[in-house]
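Chemist: Show me the folded form of this:
(2 chains)
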Amino acid sequence: MAANTMTVKGALVGGLWTEIPVLRLILGMCPTLAVTAAVKPALTMGLSVLFVLFCSNIVVSLMRNLLKPHLRILMFTLTIATFVTIADLFLRAFMPQMSEVLGPYVPLIIVNCIIIARAEACASKNGMLVSAVDAISMGIGFTIVLCFLASIREVLATGTIFDIPVMWKSFAPWAAMRLPVGAFITLGLMLGTVNLLSGKKS
Amino acid sequence: MDKVTVLLLAFTSIVVINNLVLTKFLGICPYLGVSGRIDMAFGMGLAVTFVITLAGVLTWLIDHLILVPQGLEITRYVCYILVIAGAVQLVEMYLRKFFPPLYESFGIFLPLITTNCAILGLCLFLNVWEIDNFAQAAVLSFGAGIGFTLAICIMAGIREQLNFSDVPPALKGAPITLITAGLLTMAFMGFAGMIK
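Modeler: Predicted coordinates:
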């Protein structure tokens, strides 16, 4: 993020490929690792992050001229905390089971580095439109990565995707993929693959 | 069981068995970001331990003395994050005044302790686990910090050795660190089931 101003197109491409969260910027690791044991919670998490990112980016971009440098992080986190409370209450009211599964990882969206990083790098320097587009593309990029990682882990751990069996009958589930071990190693190999692919291109 | 045993068990449990970094995926960002050198990792661990203890105790008190009696649970997240941000600000001012070199070497990672998931995560877990004993909450908060320090120092030790080893170019940096972390969690799984 060298330039202070960004174009709408730049924001769109940035979130979806050149700066796709998690894979390019090593940010937002905690939820990425924690909720990707199955696809459903991963998708819910991705969409919640998308909602919070969108709202907070807009609010931060609207108040960007009023921010004092030393209070900036505090203002960001307070804004984000407000929207996360909304998302959390929504999940609890309409998807109680999912809210149970995600547990404290929903409120932990507050400290998701991606949202704060976008507030800092994009929304506090750009107008509302660019910030909104940036939030949407970053949010979608994050959701895609989450779902991708989750589908690898779910297939290997239980042989299902969205609870629908996809593997052959005699497939022996790898219990380790459900555990933290699976999360770390799968993500590590995924990052390695991305490096390999983008290294070949250049 | 008498009280001391319970507290000791809670402490061991949060340091090795339910280690926040290795089993709950909290605080991964500094875990990967600051674990390049062992002295910095240790300093970071101590700073986090201080903040996490302060924040855990304060949020527990606020929760039980103000929010729950007044029926204000809805503002919980906002209150927690305010407490944590305040505690981090304290640490920052203290370090800048008394340990300027350490302050310089932390750079951006110091204010980012505010957004360290381990801290907010612990405050939330105290809630989820329904800890209603002040001493236990304090011990758990302190133990969580020690657990973080332990994890990040082990990681830094491994990574210092990793610099001299022959890693495939595509896996250099973050990927190999993540894989190492995976193996480390596997080692820590050996502790699972030791208590309860």
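Chemist: my guess is residue A:162 meets residue A:42, correct?
Modeler: No: with contact taken as Cβ atoms under 8 Å, residue A:162 and residue A:42 are classed as non-touching, separated by 10.6 Å. To be clear about C-beta, it is placed using only N, CA and C from the backbone, and glycine gets the same treatment.
Chemist: Look at the two and report which has more neighbours.
Modeler: With other Cβ atoms under 10 Å in any protein chain shown as the criterion, residue A:162 and residue A:42 differ in neighbour count, and residue A:42 comes out ahead with 26 against 11.
Chemist: How about the contacts made by the more buried one?
Modeler: Listed by Cβ atoms under 8 Å, 6 or more residues apart in numbering or on different chains, the contact partners of residue A:42 are A:35-36, A:146-147, A:149-150.
Chemist: likewise residue B:88?
Modeler: Counting by Cβ under 8 Å, 6+ apart, residue B:88 touches B:51, B:110-111, B:113-114.
Chemist: rerun that using 7 Å as the cut-off
Modeler: Residue B:88 is in contact with B:51, B:111, B:113-114, counting by Cβ atoms under 7 Å, 6 or more residues apart in numbering or on different chains.
Chemist: Which strand or helix spans the spatially most central residue of chain A?
Modeler: Geometric centre of chain A, nearest residue: residue A:142, 3.8 Å, by Cα atoms, centre = their mean. In this structure, residue A:142 sits in helix A:128-158 according to DSSP states H and E.
Chemist: neighbours of residue 31, just the number please.
Modeler: In the absence of a named chain, chain A is used. For residue A:31, the count of nearby residues is 29 (other Cβ under 10 Å).
Chemist: wrong one, chain B
Modeler: For residue B:31, the neighbour count with other Cβ under 10 Å is 27.
Chemist: and it, that one's in a helix?
Modeler: Yes: under DSSP: H, G, I helix; E, B strand; the rest coil, residue B:31 sits within a helix.
Chemist: can you pull the pLDDT of it?
Modeler: pLDDT recorded at residue B:31 is 81.
Chemist: next one: residue A:5
Modeler: Note on residue A:5: pLDDT of 57.
Chemist: same question, residue A:23
Modeler: What the model reports as pLDDT for residue A:23 is 68.
Chemist: do residue A:37 as well
Modeler: In the predicted model, residue A:37 carries a pLDDT score of 81.
Chemist: all helices of the chain, in order?
Modeler: Using chain A here. If DSSP state H is used as the criterion, the helices of chain A fall at A:8-13, A:29-34, A:39-62, A:72-94, A:96-102, A:113-118, A:128-158, A:180-201.
Chemist: My question was about chain B, not that one.
Modeler: Remark: helices of chain B, listed N- to C-terminal, are B:3-12, B:20-24, B:28-33, B:38-62, B:68-70, B:76-98, B:100-106, B:117-128, B:134-162, B:174-189; assignment by DSSP H.
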